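Asker: Generate a structure from the sequence data that follows.
(4 chains)
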There are 4 protein chains.
Amino acid sequence: MIRPLYVLVVAVLASALYAAPRSVIAQAPLASGGPVDAALLEDLVAANRILANEGVVDAYGHVSLRHPRNPDRYLLSRSLAPILVTASDIIEYDLDSTPVDAKGRLSVQERFIHGEMFKARPDVRAVIHSHSPAVIPFGVTNVPMRPVYHMASFLHVGVPVWDVRTVKDPDASGLLVRNPALGRSLAAALGSRPVALMRGHGNVVVGPDVRIAVGRAIYTEVNARLQTLAIGLGGPVTYISTEEGATWDRVPGDTARGWDLWKKQALEQ
Amino acid sequence: MIRPLYVLVVAVLASALYAAPRSVIAQAPLASGGPVDAALLEDLVAANRILANEGVVDAYGHVSLRHPRNPDRYLLSRSLAPILVTASDIIEYDLDSTPVDAKGRLSVQERFIHGEMFKARPDVRAVIHSHSPAVIPFGVTNVPMRPVYHMASFLHVGVPVWDVRTVKDPDASGLLVRNPALGRSLAAALGSRPVALMRGHGNVVVGPDVRIAVGRAIYTEVNARLQTLAIGLGGPVTYISTEEGATWDRVPGDTARGWDLWKKQALEQ
Amino acid sequence: MIRPLYVLVVAVLASALYAAPRSVIAQAPLASGGPVDAALLEDLVAANRILANEGVVDAYGHVSLRHPRNPDRYLLSRSLAPILVTASDIIEYDLDSTPVDAKGRLSVQERFIHGEMFKARPDVRAVIHSHSPAVIPFGVTNVPMRPVYHMASFLHVGVPVWDVRTVKDPDASGLLVRNPALGRSLAAALGSRPVALMRGHGNVVVGPDVRIAVGRAIYTEVNARLQTLAIGLGGPVTYISTEEGATWDRVPGDTARGWDLWKKQALEQ
Amino acid sequence: MIRPLYVLVVAVLASALYAAPRSVIAQAPLASGGPVDAALLEDLVAANRILANEGVVDAYGHVSLRHPRNPDRYLLSRSLAPILVTASDIIEYDLDSTPVDAKGRLSVQERFIHGEMFKARPDVRAVIHSHSPAVIPFGVTNVPMRPVYHMASFLHVGVPVWDVRTVKDPDASGLLVRNPALGRSLAAALGSRPVALMRGHGNVVVGPDVRIAVGRAIYTEVNARLQTLAIGLGGPVTYISTEEGATWDRVPGDTARGWDLWKKQALEQ
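Answerer: I've put the predicted structure just below:
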């Protein structure tokens, strides 16, 4: 939707690049958004490790942060298992997902998820993509994810399932979001919601900051487990209502409590 | 039921307070119940960590102890993940859940669960609130929790499900027990039983001392897992009978054995 | 069946004793079977810890060994969580489950499971009682446990479910095997098999030595998990056949391999 | 199919050998394929430990590597729990699974799985046999394993179930692949695919190198868990299509990322 010509150029470039995995990404003459506060970078590093500790990601999955000074830049680790990420692994990208200075580091193939989400959602400052295990079954059945308890009440607005096969794109059968067009389609499916499932793949979770996004990713996974158990008991399930979810959106619980624990555990390892 | 006018005042105060999370709680000129024996405090600290180790609580959930010298006071950690709680985090409250001297520490929003339970149940000396994961599905379906094995035979008296939406209260759609009225309603639903579920939220477990309450919280979680598995096998399930449960209430197994292990593991970490 | 009068006397004594938990057990003037080789004791200690490591026991459950020199004596830890057991916790008993010299240590209430099993089964040299979690659902439904894979092929002879309520005994509603009569009834239900379930309680596993008994207890638990999953997939399940089970009984796999790993992991902790 | 007379001789030898577990394997005057690069041996050692860390193997299961210089030799640990394997435990075999120089070490009884697979599949350089727990239920029901998500898309060609009872062989009721004939039958069932299930036993996974084989074994296990959950939700399941699977075969994701993490974690223990 935004800057279609530029996107097209980047898409062509990107489709050439992803065909050469592990090769060095060409460096574009892009301006950096500037230095990032160490505390914020630490949060991004912690987010990677937290998602691994809590079973949301395994060797794969990634989490990004919109640049605090320039909304047209975002920060994302090079292709590396999240539990291993340190500050020196973070690469800066523009919203077309071109690295500002990759320094020879391999970029994540699916970084277009992040770039296109940041384009489509000015309110979003953190994006997570994962193969959250308990969530995946909801992406391949016709059972909608719904919030079973208050910690996942943010799901009350509904959880759409995006199917890559519905996109008219040469990469659609490749299952990965390897170009901007696929990222845009996913962003459109997400709309204004916090979570979308990707059929046969995983999910994407966004938030107004990295702490809230991480909490949402964790409780989306937990909720999937609990909803699966509840359905298994048989009979109707009473979900968190729209009214309850909306109230929680306005007056949430003590979200700092979760983050403080998770970060402490992640950084002490 | 008790001291309605005073409760009303505190409710108004509290509803003002919870709207300002993380702010400093105003200190009331309340008399302390006096110093608490270090061994008992150690048990309360251990209880917090045990519940985390055994998977009953995650970053959330809390456990309280009635003051050993003054039954109108109780002890509860500041808002902190249970695995991190130390003796210095414990705050003393009156039964309206007003801190005696918070020293600037943030109180748990749902402390009214504890205060109102101690009011309604003179026999209770410890209260646990958790999002015990395997238990939550039983709170959102019409399948009653029942004891599958002797370690959970205390459930033979039945496990009521309390639904916050049934309470005529301005906070009812907020899902949390943020005021005394909601706490009273939950206590009424519990009645004389050891465990009640909270629809879309978690459960509350009480006991005559913190060791027994912790054992009950753990085996309520384990029983929920086993009951879910048993139902999944299909066909009728034979539960612990009322007669068996009553016999166990009179002649329990060696409860010290569990506590001794859990405490050792919790404090050695 | 054996020595009914003596058993009756012990039963009366025992029923007096179990009413006084944590009190010192009276010492009978019994002769010891003599010193036990340190390597064998180490195996018994390892067995306790292995069963905890592998999730067969939690804070409860116990494993015994027939005395290597005197078949009328057996060795069993004092009442203690299995993961904590050391050689100094082992108590020697006669087959009526009277301690030779308890030295003030608290005996396991359900030691009669062990004594009566050793009486009824001369071929048995090790007995395990546990609340093996995945097994418990099979004891409260009408779904028989059957072997899903070769590692549990010893279950091909069938797994009876013993229900304490069917025994005409004053302790029957207490759920625990607190006297010889209940132990005898359980042994009769087991017959010549390796495993029996105890309704609403757990199971008992026996073997010709402690290594084989431990392997059976572990793979009974694993098989219960796999059988539950297989049933959940729907449709008929193909179990290990009687012929296959009998062949495995004659020509088992490399059982030492499991024991060597489990013991190493248990003793290195 | 290949060298039937020689195979027959080895089969007779082998059937004599497996009847004497723990005895020393007779050393045949076989030529070695020569020294193996330390980095490759390290990968084989890591593969053993990774499979244990990721829950694919417990005390049992094994992974082999075709000799890099001589395609008629392969490398496999002595009979030892995979988590304990070091380079000094690796034994070299010819494709009839006769050790080149066992040095008194006990061979794995089911090594014929490896030898016969290397004979039948020139494209294969690594073979894994395991009792992958979530996979076993699919081998004893009529529910075919199918890929639920892209990480297991290699299953799109189908997962055959091999039943040892269908083989006319004196060892068929013994459940283990203790001779070349049973290994050949299993290899025939696998055909050109990457994974086959063994009814009442486990599975076999092959790959063009040990890294890819390990990744396939891990994601076969994960996929089994996710497929079980998806089926449990009820209703139809949308699997990865043949077209998507074929595309992934051509353009896979970043497989190095998984291996790098798993190996680091395995070797740091």
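Asker: which element is A:Lys263 on?
Answerer: Applying DSSP states H and E as the criterion places A:Lys263 in helix A:255-268.
Asker: cool, A:Tyr219 as well?
Answerer: Using DSSP H and E, A:Tyr219 falls within helix A:210-232.
Asker: That helix close to chain D?
Answerer: Yes - Helix A:210-232 comes into contact with chain D (Cβ under 8 Å from any Cβ of the partner chain), by way of A:Thr228, A:Ile231, A:Gly232. For the C-beta atoms, the positions are set from N, CA and C on the backbone; glycine is no exception.
Asker: about what we covered before: which residues outside the helix holding A:Lys263 are in contact with it?
Answerer: Outside helix A:255-268, the residues that touch it by Cβ atoms under 8 Å, 6 or more residues apart in numbering or on different chains are A:42-43, A:45-46, A:49-50, A:53-54, A:211-212, A:214-215, A:218, B:22, B:58-60, B:79-81, B:83-84.
Asker: likewise stretch A:162-176?
Answerer: Outside stretch A:162-176, the residues that touch it by Cβ under 8 Å, 6+ apart are A:15, A:109-110, A:177-179, A:181-182, A:185-186, A:189-190, A:196-201, D:150, D:153, D:240-241, D:243-244, D:247-248, D:251, D:253.
Asker: Let's see which of those residues end up in helices.
Answerer: A:Ser15, A:Ala181, A:Leu182, A:Ser185, A:Leu186, A:Ala189, A:Leu190, D:Glu243, D:Glu244, D:Thr247, D:Trp248 (DSSP state H).
Asker: ok, which residues in the stretch 1-150 of chain A are in contact with chain D?
Answerer: So the stretch 1-150 of chain A meets chain D at A:19, A:21-22, A:58-60, A:79-81, A:83-84, A:106, A:109, A:131, A:133-134, A:136-138, A:140-143 (Cβ under 8 Å from any Cβ).
Asker: who does the helix or strand A:Val204 falls within pair up with?
Answerer: A:Val204 belongs to strand A:202-207 when assigned by DSSP H and E. Using DSSP bridges, the strands paired with strand A:202-207 are strand A:126-130 (antiparallel), strand A:195-198 (antiparallel).
Asker: Which of the ones you listed has the highest mean neighbour count?
Answerer: strand A:126-130 (a mean of 28; mean count of other Cβ atoms under 10 Å in any protein chain shown).
Asker: got the angle for that strand vs helix A:210-232?
Answerer: For strand A:126-130 against helix A:210-232, the angle by axes from the mean of the first three to the mean of the last three Cα atoms, to 10 degrees is 40 degrees.
Asker: After strand A:126-130, which helix or strand is next?
Answerer: helix A:136-139.
Asker: What residues does the stretch 51-200 of chain A have near chain B?
Answerer: For the stretch 51-200 of chain A, the contact set with chain B under Cβ under 8 Å from any Cβ comprises A:Pro147, A:Val148, A:Tyr149, A:His150, A:Met151, A:Ser153.
Asker: again, 6 Å this time
Answerer: Counting by Cβ under 6 Å from any Cβ of the partner chain, the stretch 51-200 of chain A comes close to chain B at A:Val148, A:Tyr149, A:His150.
Asker: Which of those ranks first by neighbour count?
Answerer: Highest neighbour count within those: A:Val148, with 30 neighbours (other Cβ atoms under 10 Å in any protein chain shown).
Asker: same question for the strand holding A:Val204, mean pLDDT?
Answerer: The average of the pLDDT scores along strand A:202-207 is 98.
Asker: now stretch A:34-42
Answerer: Averaging pLDDT along stretch A:34-42 gives 97.
Asker: Next: stretch A:218-228.
Answerer: Stretch A:218-228 comes out with an average pLDDT of 98.
Asker: Just the CA trace of that stretch, in CSV.
Answerer: Extracted in CSV, the C-alpha atoms of stretch A:218-228 (Å, rounded to 0.1, in the frame of the first residue of the first chain):
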residue,chain,number,x,y,z
ILE,A,218,3.6,-16.3,25.9
TYR,A,219,0.0,-16.2,26.9
THR,A,220,-1.1,-17.0,23.3
GLU,A,221,0.8,-20.2,23.7
VAL,A,222,-0.5,-21.0,27.2
ASN,A,223,-4.0,-20.2,26.1
ALA,A,224,-3.7,-22.6,23.2
ARG,A,225,-2.8,-25.4,25.6
LEU,A,226,-5.7,-24.6,27.9
GLN,A,227,-8.2,-24.2,25.1
THR,A,228,-7.1,-27.6,23.7
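Asker: any idea how far it is from the chain center?
Answerer: Centroid separation between stretch A:218-228 and its chain, computed with Cα atoms, centre = their mean, to the nearest Å, is 17 Å.
Asker: In CSV, list the residues of the stretch 51-200 of chain A next to chain B along with distance to A:Arg165 and pLDDT.
Answerer: Converted to CSV, those look like this (distance: Cβ to Cβ, whole Å; pLDDT from 0 to 100):
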residue, distance to A:Arg165, pLDDT
A:Val148, 29, 98
A:Tyr149, 33, 98
A:His150, 35, 98
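Asker: so where's chain A uncertain?
Answerer: Scanning chain A for pLDDT under 70 picks out the ranges A:1-28.
Asker: Of all residues in it, which one is closest to chain C?
Answerer: Nearest residue of chain A to chain C: A:Gly232, at 8.3 Å (Cβ to the nearest Cβ).
Asker: Quickly note the distance from that residue to B:Ile91.
Answerer: Distance of A:Gly232 to B:Ile91, computed by Cβ to Cβ, to the nearest Å: 40 Å.
Asker: The two: which is more packed in?
Answerer: Set side by side, A:Gly232 and B:Ile91 show more neighbours around B:Ile91, with 22 against 18, by other Cβ under 10 Å.
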